[in-house]
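Engineer: need the 3D shape of this:
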Amino acid sequence: HGGVVLATTDGGERWVRQLDGQQAARLVLEEAKAGGDERARADAERLVADGADKPLLDLHFFDAQHGLVIGAYNLAFETLDGGRSWRPFARRLDNPRALHLYAVRARGDEVLIAGEQGLVLRSADRGRRFARLAVPYKGSFFTAELPAAQEILVAGLRGNVWRSADQ
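Structural biologist: The predicted structure is shown next:
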């Protein structure tokens, strides 16, 4: 629950902290200040004041340099340098109520994020832009898969699994 990302380059013998909740909160605040949105700034200041208590819940690396990590309260960060630096990308997500983000999956340039209250977001360009997908279920999705071209699977509460064959 400290919002920590750890990395290893030796098969798990040693680990290095790449991101923690306090650093993540400061990054969100910096972005909010730069964006000029007062509500976003107030939310970010509250995130900083809360301390490192928000969990990161899933991550995906496209390659050794480009990765995404997501978590509770719409926390979303991207690295382009193998985790040496991170930047928020939550502003790209259609998630105005800051619902929790539970799963991120990718296949090629397609990225899928599944979350709370039926939230499913899809990107066709490696996460530069996301669109919300309409799903017939408003429960939380805890996992997702992209098993084949055009196919999406999301699964969550009460054993619900939903499949789309047309993205």
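
Engineer: contacts only, for Phe62.
Structural biologist: With contacts defined as Cβ atoms under 8 Å, 6 or more residues apart in numbering, Phe62 is in contact with 106, 126. In this view, the C-beta of every residue, glycine as well, is placed from N, C-alpha and C.

Engineer: and it, how far is that from Gly108?
Structural biologist: 9 Å (Cβ to Cβ, to the nearest Å).

Engineer: now Asp63
Structural biologist: Applying Cβ to Cβ to Asp63 and Gly108 gives a distance of 12 Å.

Engineer: who's more crowded, these two?
Structural biologist: Higher neighbour count among Asp63 and Gly108: Gly108, with 10 against 7, using other Cβ atoms under 10 Å.

Engineer: in three-state terms, how would the residue nearest the centre of the chain be classified?
Structural biologist: Among the residues of the chain, Ile70 comes closest to the average C-alpha position under Cα atoms, centre = their mean, at 2.4 Å. Under DSSP: H, G, I helix; E, B strand; the rest coil, Ile70 falls in the strand class.

Engineer: excluding chain neighbours, what is closest to it?
Structural biologist: Closest residue in space to Ile70, ignoring its immediate chain neighbours: Leu101 at 3.9 Å, by Cβ to Cβ, 6 or more residues apart in numbering.

Engineer: got a list of what the one you found touches?
Structural biologist: If you count contacts by Cβ under 8 Å, 6+ apart, Leu101 has them with 57-58, 70-72, 74-76, 93, 95, 113-116, 119.

Engineer: and which of these is nearest to Arg129?
Structural biologist: Leu93 (9.9 Å; Cβ to Cβ).

Engineer: picking that back up, tell me what the residue nearest to the centre of the chain is bridged to.
Structural biologist: Counting by DSSP bridges, Ile70 is bridged to Asp58, Ala76.

Engineer: gap between it and Arg46?
Structural biologist: According to Cβ to Cβ, Ile70 stands 19 Å off from Arg46.

Engineer: what do you get for Ala40?
Structural biologist: Taken as Cβ to Cβ, the span from Ala40 to Arg46 is 11 Å.
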